[in-house]
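Visitor: I need the structure of the sequence given here:
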Amino acid sequence: MSTIKKLANQTVIYGVSSILGRIVNFLLVPLYVRVFAPAEYGVSVEIYAYFTFLNILYTYGMETTFFRFANKSDNSRKVFSTSFFSLFVSTSIFSVVLFVLRNPVASSLGYADREIYITWVILILAFDTLAVIPFSALRQAEKAVKFAIIKTANILINVFFNLFFLIVCPLVLKNDQLAYLHNSINMVYSPDIGIGYIFISNLIASAVTMLFLTKEFLAFTFEIDFSMLKKMLIYSAPLVVVGFAGMINDSLDRTILKHLLPYDQYHNEEILGIYGANLKLAIFMVLMIQAFRYAAEPFFFMQYKQSDAKQIYASVMKYFVIAGLSVFLLVTLYIDIFKFFIGPSGSKYHEGLGVVPVLLMSYLVLGIYYNLSIWYKLEDRTGMGAIIAVIGAALTILLNIMFIPIWGYYACAGTKLVCYIVMVVLSYMFAQRYYPVNYPLKLIGFYFILAMVVYFANLLVKNFIPADKAIVSLITGTFFMLIFAVIVVRKEGRGGLLPPAGYPFSN
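Guide: Here you go, the predicted structure:
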């Protein structure tokens, strides 16, 4: 269990940067939904959805490729320099092309008068991409604390400038007693930029992060192995397909929702804003998955040659599911409290709360897929991973096109869940053929059923208790959360969630 404890410890450290930092960032959502109308907020939701697609293009799987080759090579410095050189050249090319095309791109998105948004996004992408390999090197060297500190600093800087531009500057300009500051504020702030300050804040944070990674950048040498680079690109090529397909599954709905809804543009953008705000409530599941992936990917590669690797992978899957179901219940059982993060009582944003449980479960299933998908990375069968991802993407496109005009954002959430379930089934089938792992399916299934029983029992109780829903959520949510926790701990044995020696993975 020492190896799993090590993974858990690193996941916690990575989680400090991801969870604490993102929670602070999440606290910006109440600001956004109060400063911007749903239609205006929908603009940032859509642009950041496209951002995720471009991020895949810019990085083209080089992060995972770095881990694979760093573990195979006895010259990690050469792997670092070769992979960074590749990203530097490609980032320069992509950024110049996008900058030249920024006006037609902005026009095609319906933002012809806001092409400056595209320029800011290009710069953010460039800075973030150049930081990928330095961050990967920190993870490879197991410098989780430094990684967490820099990532947290990035988030805090982003939050600071959001607060500065969206709260401080407007308040200063409205206060006649602070007239002596007006000229200074006017030099850096213009009310006309509006939603654009979200991008500007992100850009400043990304630029400063580059400075924090100066020591890692200095590790670059011109010891570039072009033979290795060729092998890297061959390995990473299918991962680009996986990445794009993954972004289609995760972000396509936010890019096409307003185009497939049968209403006028303002109403469609309003619905997109509502969906985007409620999507933020699934961030706790996303953060758990992200923190887990930061620690798990290099961990899985390092454990590959160990005699008990498959038992470790099976055990990790079980604990991941327990943690994921706990997050699902935490948010859904207390939804009447969490909803105030996206607007006050009666807010129009609350119309979309019904999609939150579906989104949470979708991301949990996605996390299970990430656990399963390690087989094709370990076995150098990334092409098969690409096939699974393409099938999922095709299903996402088809179901969204078919059902968004009918069910709106409920179709988006439902499509995610169906898509990820199909991908999990396919990945499990292929994995059992090429790299079979004896996952404790019966126990995992039991925990899923238990979580669903708890979730629906809580809904039933709340519907029959006439009281303030926030108070009911607090009382009933805590009661049912304790039931789930007690059953899980008892099921896992005297050691709580750390099973005793000889724990049967097949039960």
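Visitor: which stretches of the chain have low pLDDT?
Guide: Low-confidence segments of the chain (pLDDT under 70): 1-27, 71, 73-74, 294-299, 301-307, 380, 465-470, 493-507.
Visitor: confirm for me that residue 347 is in contact with residue 33.
Guide: Yes. Contact status for residue 347 versus residue 33: in contact at 7.1 Å, counting by CB atoms under 8 Å. Every C-beta, even on glycine, is put in place using the N, C-alpha and C of the backbone.
Visitor: higher neighbour count, these two?
Guide: Neighbours per residue (other CB atoms under 10 Å) separate residue 347 from residue 33, with residue 33 holding more: 23 against 17.
Visitor: elements contacting the helix or strand hosting the more buried one?
Guide: If you go by DSSP states H and E, residue 33 is part of helix 28-35. Applying 3 or more CB pairs under 8 Å, 6 or more residues apart in numbering; DSSP states H and E, we find helix 28-35 packed against helix 38-59, helix 144-163, helix 265-279.
Visitor: and it with helix 38-59, angle?
Guide: Computed with axes from the mean of the first three to the mean of the last three CA atoms, to 10 degrees, the direction of helix 28-35 lies at 140 degrees from that of helix 38-59.
Visitor: quick one: buried residues of helix 28-35?
Guide: Buried residues in helix 28-35, counted by 16 or more other CB atoms under 10 Å: 28-30, 32-33, 35.
Visitor: repeat for stretch 157-175
Guide: For stretch 157-175, burial by neighbour count (16+ other CB under 10 Å) applies to 157-159, 161-162, 164-166, 169, 172-173.
Visitor: can I see the domain layout of this structure?
Guide: 2-439, 440-507 (automatic domain parsing).
Visitor: pick the most deeply packed of the ones you listed.
Guide: Comparing these by mean neighbour count (mean count of other CB atoms under 10 Å), domain 2-439 comes out on top with a mean of 18.
Visitor: now find how far off-centre it is within its chain.
Guide: Relative to the chain's own centre, domain 2-439 is displaced by 4 Å; criterion: CA atoms, centre = their mean, to the nearest Å.
Visitor: before we move on, what about stretch 430-447?
Guide: Remark: stretch 430-447 is offset 25 Å from the chain centroid, using CA atoms, centre = their mean.
Visitor: and that stretch, end to end?
Guide: 24 Å (CA to CA, to the nearest Å).
Visitor: kindly report the same for stretch 219-231.
Guide: One end of stretch 219-231 to the other measures 22 Å (CA to CA).
Visitor: over to stretch 251-269?
Guide: Start-to-end, stretch 251-269 (CA to CA) is 16 Å.
Visitor: got the contact list for that stretch?
Guide: With CB atoms under 8 Å, 6 or more residues apart in numbering as the test, stretch 251-269 has contacts from 38-40, 42-43, 45-46, 48-50, 52-53, 110, 271-272, 275-276, 279, 393, 396-397, 400-401, 404-405, 408-409, 412, 415-416.
Visitor: do the same with stretch 163-181
Guide: 31, 35, 182, 185-186, 188-189, 191, 193, 197, 200-201.
Visitor: most centrally placed residue in this structure?
Guide: Central residue of the chain (CA atoms, centre = their mean): residue 286, 4.8 Å from the mean position.
Visitor: ok, the closest residue to that one other than its chain neighbours - contacts?
Guide: Of all residues not flanking residue 286 in the chain, residue 363 sits nearest, at 5.6 Å (CB to CB, 6 or more residues apart in numbering). Neighbouring residues of residue 363 by CB under 8 Å, 6+ apart: 282, 285-286, 289, 416.
Visitor: surely residue 400 and residue 412 touch.
Guide: Yes. If you go by CB under 8 Å, residue 400 and residue 412 touch, sitting 6.5 Å apart.
Visitor: which stretches of the stretch 401-507 of the chain form helices?
Guide: All helices of the stretch 401-507 of the chain, identified by DSSP state H, counting those that start in this stretch, fall at 409-434, 441-463, 469-491.
Visitor: can you show me the strands along this structure?
Guide: Using DSSP state E, the chain contains no strands.
Visitor: longest helix anywhere in it?
Guide: helix 226-260 (DSSP state H).
Visitor: got the angle for that one vs helix 265-279?
Guide: For helix 226-260 against helix 265-279, the angle by the same axes, to 10 degrees is 120 degrees.
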